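Visitor: show me the folded form of this:
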Amino acid sequence: MRSNWKTQKGDEWCYEDGAIKSIADFDSHTQIFTIRDLSGASTKSKLLAFIRLTQSGFSNATLELKVSRFSQDVESQLRLLQSSGIIELAPQQLGSSVVKINYVKPKSWWQLW
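Guide: I've put the predicted structure just below:
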């Protein structure tokens, strides 16, 4: 199940759901899914839902974000999710614009209903 992610050409994937639009690349050799463009995730909850949906659709892959291509809004929401302990990002390598998601806090049992 790949949710709203649809394959474009080769290893390029496209996501569109309402206001959220994204482009990503999947490297089947390294199992790395790199989101290189993301817009429309203007709230913490929208961004978190997008990340969780992507993670469940590509459960065997490492999820990376190319943050240099993201809007200030999305970057801000990402930092809020990280500071509240909902997601954990690997430290960014010097000179790299790619950030790896190490952990996403699972939904609490009361959020599953």
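Visitor: got a list of what residue 11 touches?
Guide: Residues near residue 11 by CB atoms under 8 Å, 6 or more residues apart in numbering: 25, 26, 27, 28. For every residue, glycine as well, the C-beta is placed using N, CA and C.
Visitor: again, only this time at 10 Å
Guide: Residues near residue 11 by CB atoms under 10 Å, 6 or more residues apart in numbering: 24, 25, 26, 27, 28, 29, 33, 34.
Visitor: let me see the backbone angles for the residue nearest to residue 100 when sequence neighbours are not counted.
Guide: Distance criterion CB to CB, 6 or more residues apart in numbering; nearest residue to residue 100, sequence neighbours excluded, is residue 90 at 4.1 Å. Main-chain torsions, residue 90, degrees, to the nearest 10: phi -70, psi 150.
Visitor: quick one: distance of the longest helix seen in the chain to the chain centre.
Guide: In the chain, taking DSSP state H as the definition, the longest helix is helix 44-57. Remark: helix 44-57 is offset 6 Å from the chain centroid, using CA atoms, centre = their mean, to the nearest Å.
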